[in-house]
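[1] model the structure of this input:
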Amino acid sequence: MTQDLEMAARHGPGFGADGAHYYPQPPRNGAGGEELDDDGRKKRTGTVWTASAHIITAVIGSGVLSLAWSTAQLGWVVGPLTLMIFAFITYYTSSLLADCYRSGNQLTGKRNYTYMDAVAAYLGRWQVLSCGVFQYVNLVGTAVGYTITASISAAAVHKANCFHKKGHAADCSTYDTMYMVVFGIVQIFFSQLPNFSDLSWLSIVAAIMSFSYSTIAVGLSLARTISGRTGKSTLTGTEIGVDVDSAQKVWLALQALGNIAFAYSYSMILIEIQDTVKSPPAENKTIKKATLMGVTTTTAFYMLAGCLGYSAFGNAVPGNILTGFGFYEPYWLIDFANVCIVVHLVGAYQVFSQPIFAALETAAAKRWPNAKFVTREHPLVAGRFNVNMLRLTWRTAFVVVSTVLAIVMPFFNDILGFLGAIGFWPLTVYYPVEMYIRQRRIQKYTTRWVALQLLSFLCFLVSLASAVASIEGVTESLKHYVPFKTKS
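    Residues are numbered from 1 along each chain as shown. Predicted coordinates for the structure are as follows:
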C-alpha cells in the first residue's frame with residue numbers, strides 16, 4: 001500500500017513501479033453515484049466523432065460561403081494554394097495546442113480547462129491578459145458575424161420566393177433587422193444550456209446542416225459550370241481596369257486572405273472541445289485524430305466551394321454565394337440551403353459563445369461561492385432542466401448586445417475578413433507555438449525554434465495586412481449604410 005502511494009506521488013495515479021506503464025484506475029464515484037474523472041468532475045464521454053462534430057460545426061460556418069468570392073480576388077493559382085496553406089497551418093498548430101491540454105504527463109497531468117488556462121500554465125500572467133483580449137474579442141465578433149450571416153440567409157429565403165413569383169428583375173430587397181432580432185431570441189433560449197457537454201446533440205445537427213448547404217452550393221456551382229453559363233475567370237483573379245482599380249485589387253485580395261483565415265478559425269475553442277473527451281486514451285491523441293478528420297473534411301468542401309463557385313460565376317461572383325443571388329432556381333433548393341445555414345449557425349453561435357459564458361460564470365462562482373444568485377439551480381420541467389439566475393441574466397445580456405452590434409454593422413465580407421485577421425495569428429499560431437516551445441523546452445536559435453518563429457512572423461504579417469484591408473472595407477461600407485433604414 002505504501003509503495004503504491006509512493007508511486008502515485010512520484011509518477012501519478014495509475015502508473016506501475018517503473019513509472020513507465022499506465023494502468024487504468026477504477027472509476028471514482030460522486031456523492032450521487034455518478035462516475036467522476038481524475039479531477040473530480042463528472043466523467044467525460046466525448047469521442048473522436050463527437051469532437052470532430054464540434055470541430056466541423058465550428059469550422060464550416062459562414063466562411064464557406066465567401067470562399068468563391070475570395071478565390072475570385074486571388075485567382076486560379078493563388079486562391080486554391082492559399083486554402084491548402086491555411087489548412088496545413090491550422091492542422092499543425094492545432095496539434096501543438098492539443099499537447100497543451102494537460103501540463104506534464106499527457107495521461108495524468110493537470111488539466112487546463114480552457115484556452116486561457118493553457119496559456120496561464122505555460123506562458124504566465126501577462127500573456128494571459130493579452131490572450132484574453134484576443135480570444136474574447138474574437139469570440140464576441142464571431143457571435144456578431146454569425147448573427148449577420150443567419151439574418152442574411154433568412155432574408156434570402158424571402159427573396160428567393162419573391163424572385164420566383166415576380167421575376168428576377170423584381171425589387172425583392174428587405175430589412176435584415178427583423179431576422180437578426182428573431183435569431184437573437186432563439187439564441188437566448190439555447191444559451192441556457194449549461195455547457196459544451198449539453199451541446200453534443202446540437203453540434204451533430206449543426207454539422208449535418210453544414211454538410212447540406214455546402215453540398216448544395218457545390219452542386220449548384222457544378223451544374224452551372226457544366227451548363228456553360230459561366231463568368232470570365234483568370235489565373236490572377238479580378239482584373240485591374242475591368243473589374244477593379246489597382247487600389248481595390250490590393251485591398252480586396254487582402255480581405256480575401258482574412259476571409260479564408262476566418263473560414264479556418266476554431267483554435268480558440270479547441271481546448272474547450274478537448275475537455276469533453278474521455279480518457280484513456282490520452283485526450284491529445286483523440287483530439288489530433290478529430291482535428292485531422294475535421295480539417296481534411298472541411299478543406300475538401302472549401303476547395304470545391306471556392307473553385308466551383310469561381311468557375312460558375314467568374315470574377316463577378318457574389319460575396320455570399322447562396323444569398324448574393326447568383327442562383328435563382330430551383331428556388332425551393334435555395335430556400336432549403338439557407339434554412340440549413342440558419343440552423344447550423346444556431347449551433348455554431350453556441351459553440352463559440354460557451355467559452356465566454358463559462359469564463360464569467362466560473363469567475364463569479366469563485367468570487368461569491370455562497371451567493372444564491374450565482375450558484376443556485378432552479379429545477380424546471382419536472383427536474384429535467386435547471387435555471388440559474390446569473391446564467392439567465394448574463395447570457396441574455398450577451399445575446400442582446402451581440403444582436404445590436406450586428407444590426408449596426410451588417411457587412412458580411414468585411415466583418416468576416418476582420419475577424420479572421422485579428423484571430424488567426426494570435427490564437428491559431430502565436431500562442432500554440434509559444435506554448436509548445438515552452439513545453440518541449442526548445443532552445444533559442446535552434447533550427448526548430450527558428451522555423452516556428454518564422455511561421456509565426458509570416459502569419460503575423462498576413463493578419464496585419466488583412467485587418468487593415470477589412471477596416472478600410474468597413475469604413476467604405478458605413479458611408480452608404482444607415483441602421484434600420486438600408487435594405488439588402
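
[2] from here on, contacts and neighbour counts on C-alpha atoms
    Noted.

[3] would you map the strands across this protein?
    Assigned by DSSP state E, the strands in the chain fall at 28-29, 35-36, 102-103, 110-111, 377-380, 385-388.

[4] please identify the deepest-packed of those.
    Among those, strand 102-103 has the highest mean neighbour count (mean count of other CA atoms under 10 Å), at a mean of 20.

[5] need the strands of the chain in CSV with distance to residue 458 and mean pLDDT, can you?
    Output for the strands of the chain, formatted as CSV (distance: least, CA to CA, whole Å; pLDDT from 0 to 100):
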stretch, distance to residue 458, mean pLDDT
strand 28-29, 47, 56
strand 35-36, 44, 76
strand 102-103, 28, 82
strand 110-111, 31, 83
strand 377-380, 48, 72
strand 385-388, 45, 73
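
[6] how about those, which one is nearest residue 356?
    strand 385-388 (16.3 Å; CA to CA).

[7] for that closest one, list the C-alpha coordinates in PDB.
    Extracted C-alpha coordinates of strand 385-388, given in PDB (Å, rounded to 0.1, in the frame of the first residue of the first chain):
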ATOM      1  CA  PHE A 385     -33.900  21.400 -16.900                       C
ATOM      2  CA  ASN A 386     -32.300  23.800 -14.400                       C
ATOM      3  CA  VAL A 387     -32.300  27.600 -14.500                       C
ATOM      4  CA  ASN A 388     -29.600  29.700 -12.800                       C
END
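
[8] neighbouring strands of it in the sheet, and parallel or not?
    strand 377-380 (antiparallel) (DSSP bridges).

[9] from the rest of the structure, what touches the partner strand?
    With contacts defined as CA atoms under 8 Å, 6 or more residues apart in numbering, strand 377-380 is touched by 385, 386, 387, 388, 389.

[10] low-confidence ranges in the stretch 351-488 of the chain?
    Along the stretch 351-488 of the chain, segments meeting pLDDT under 70 span 381-385, 411-413, 416, 480-488.

[11] circling back: the strands of the chain into TSV, with extra columns for distance to residue 364?
    Output for the strands of the chain, formatted as TSV (distance: least, CA to CA, whole Å):
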stretch	distance to residue 364
strand 28-29	27
strand 35-36	24
strand 102-103	24
strand 110-111	21
strand 377-380	15
strand 385-388	13
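
[12] so which of those gets nearest residue 275?
    strand 110-111 (8.3 Å).

[13] just checking, what packs against that closest one?
    strand 102-103 (3 or more CA pairs under 8 Å, 6 or more residues apart in numbering; DSSP states H and E).

[14] what sits up against the strand it packs on?
    Under CA under 8 Å, 6+ apart, the answer for strand 102-103 is 108, 109, 110, 111, 112, 118, 121.

[15] now do 7 Å
    The contact list for strand 102-103 (CA atoms under 7 Å, 6 or more residues apart in numbering) reads 109, 110, 111, 112.

[16] also stretch 141-154?
    Contacts of stretch 141-154 (CA under 7 Å, 6+ apart): 62, 176, 179-180, 183, 323, 338-339, 341-342, 345, 349, 353, 402-403, 405-406, 410, 412, 415-416, 419.

[17] try stretch 259-277
    So stretch 259-277 is contacted by 44-47, 51, 54, 58-60, 63-64, 66-67, 70, 83, 86, 90, 94, 101, 113-115, 135, 197, 283, 287, 352, 413, 416-417, 419-421, 424, 427-428 (CA under 7 Å, 6+ apart).

[18] so how far does that stretch reach from one end to the other?
    Distance between the two ends of stretch 259-277: 30 Å, counting by CA to CA, to the nearest Å.

[19] buried residues, it. List them.
    Residues of stretch 259-277 classed as buried by neighbour count (16 or more other CA atoms under 10 Å): 259-277.

[20] out of the residues you listed, which are inside helices?
    259, 260, 261, 262, 263, 270, 271, 272, 273, 274 (DSSP state H).

[21] quick check: the gap between the second one and residue 428.
    Computed as CA to CA, the residue 260 to residue 428 distance reads 13 Å.

[22] with the first one instead?
    Separation of residue 259 from residue 428 (CA to CA): 15 Å.

[23] okay, the closest residue to residue 472 other than its chain neighbours and residue 236: tell me how far apart.
    Closest residue to residue 472 apart from its sequence neighbours, by CA to CA, 6 or more residues apart in numbering: residue 251 at 7.9 Å. For residue 251, the distance to residue 236 equals 15 Å [CA to CA].

[24] of those two, who's got more company?
    Of the pair residue 251 and residue 236, residue 251 is the one with more neighbours under other CA atoms under 10 Å, namely 19 against 15.

[25] the more buried one against residue 467, yeah?
    No: using CA atoms under 7 Å, residue 251 is not in contact with residue 467; the gap is 10.2 Å.

[26] what number of residues are in the vicinity of residue 104?
    For residue 104, the tally of surrounding residues (other CA under 10 Å) stands at 13.
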